[in-house]
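A.B. asks: Model the structure of this input:
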Amino acid sequence: MENKSHAFWAGLFTIVLLGAIATAAFLFNVDRAVRVPYDLIARTNVTGLFTDAAVRYRGLDVGKVQSIKFDRAHPGQIVIRILVDTHAPITHSTFGSLGFQGVTGIAFIQLDDTGRDPSPLASSPKQVAQLPMRPGLLDQLQQRGDVLLKKLEKVTDDVDNLLSQEMVDQLHGTAASIQKAADGVATLTQQMTPAAGKLPATIDKLDRTLVSTNQLITSLNRPDGPFEMNLNKVGTAAQQAGDALTQMNGSLQELSARVGYDTLPRVNSLAEDVRSAARSVDRAADTFSTSPRSVFFGAPTAAPGPGEAGFTWPATGAGK
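C.D. replies: Predicted coordinates for the structure are as follows:
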């Protein structure tokens with residue numbers, strides 16, 4: 001009986017322990033987060049997406065996928081019902097895309113926001129708001145596959161043309177030209193080596209020349225230097241020349257005054273005497289021209305005028 005009682009209690013304990021473990025696991029796995037439903041409208045493939053897949057907002061877990069179904073009102077369109085935490089910043093410019101976890105092929109919903117309309121987007125179980133579903137990376141690659149293939153073919157053709165015999169010959173010629181240019185640079189370097197060796201001595205001479213020039217400029221700028229002394233001598237000579245010009249101007253003014261007050265009256269008197277002598281000579285010339293004999297016998301006496309002694313009236317025409 002004791003063995004049966006011990007086995008009973010051991011079995012009961014095992015059953016209670018298993019129940020407790022199951023209850024704890026259930027309680028820990030129950031999601032108590034408050035979430036809001038949103039519908040993602042997808043017009044592209046949703047390969048790898050399953051129910052209960054993660055929903056992430058810029059990498060942060062904010063919810064899960066509740067259901068995936070076709071839109072009966074719009075054939076070819078898929079409606080993905082997601083449950084998002086209330087603290088997630090869902091706005092009117094939020095959109096979804098399909099992301100993949102590494103190389104496993106398991107997809108999840110990646111939410112992002114363009115920032116064009118930051119106003120919150122309200123949603124509820126009775127009136128579920130809709131969000132656009134944009135193509136993911138793989139969808140974009142599939143859509144642009146033809147364009148990429150055409151570009152790849154063009155690149156392949158360009159590579160074939162680049163590797164043609166003509167292009168190879170041109171590349172060889174270019175390489176030969178580059179080699180010649182390198183040889184020329186090496187030769188030029190060897191020729192410039194002696195000049196480069198003389199460059200330090202030339203720089204030293206230039207430094208000494210600059211020092212001498214600086215000393216010359218310093219000596220010229222000194223107040224007791226030769227430049228200042230010569231300038232002072234030139235100024236003194238210019239001042240003396242100015243004084244001499246001033247004295248000469250005074251002498252000229254004095255000479256002009258003397259000429260005006262002394263010489264000119266004498267010149268005028270001399271001119272008057274010359275004019276009188278000229279008149280006398282002129283009268284003598286007239287007398288000689290009229291009566292040449294007056295030179296030997298003297299000038300004839302003038303006839304007495306009226307009222308003078310010896311004056312006689314000339315005979316009239318009636319007496320004749």
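A.B. asks: quick one: residue 66 and residue 79 touch, right?
C.D. replies: No. Using CB atoms under 8 Å, residue 66 is not in contact with residue 79; the gap is 10.8 Å. For the C-beta atoms, the positions are set from N, CA and C on the backbone; glycine is no exception.
A.B. asks: Give the buried residues for stretch 250-257.
C.D. replies: Residues of stretch 250-257 classed as buried: none (neighbour count, 16 or more other CB atoms under 10 Å).
A.B. asks: can you give me the helices in the chain?
C.D. replies: 2-29, 137-143, 145-162, 165-221, 226-258, 264-290, 294-297 (DSSP state H).
A.B. asks: how far away is residue 242 from residue 221?
C.D. replies: 28 Å (CB to CB, to the nearest Å).
A.B. asks: what's the average pLDDT for stretch 183-203?
C.D. replies: What stretch 183-203 shows for mean pLDDT is 78.
A.B. asks: Next, format the helices of the chain as TSV and append distance to residue 309.
C.D. replies: Formatted as TSV, the helices of the chain follow (distance: least, CB to CB, whole Å):
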stretch	distance to residue 309
helix 2-29	190
helix 137-143	164
helix 145-162	156
helix 165-221	106
helix 226-258	56
helix 264-290	24
helix 294-297	23
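A.B. asks: Quickly, which of those bottoms out on average pLDDT?
C.D. replies: helix 294-297 (a mean of 58).
A.B. asks: Run a quick neighbour tally on residue 121.
C.D. replies: For residue 121, the neighbour count with other CB atoms under 10 Å is 16.
A.B. asks: where's it relative to residue 77, distance?
C.D. replies: On the measure of CB to CB, residue 121 and residue 77 end up 20 Å apart.
A.B. asks: try residue 55
C.D. replies: 20 Å.
A.B. asks: which one of these two has more residues nearby?
C.D. replies: residue 55 (25 against 13).
A.B. asks: most packed of the helices of the chain?
C.D. replies: helix 137-143 (a mean of 14; mean count of other CB atoms under 10 Å).
A.B. asks: Can you list the low-confidence ranges for the stretch 1-150 of the chain?
C.D. replies: 1-6, 26-32, 103, 138, 140-143, 145 (pLDDT under 70).
A.B. asks: repeat that for 90
C.D. replies: Along the stretch 1-150 of the chain, the model assigns pLDDT under 90 to residues 1-35, 43-49, 52, 58-59, 71-76, 86-88, 98-107, 114-115, 125, 133-150.
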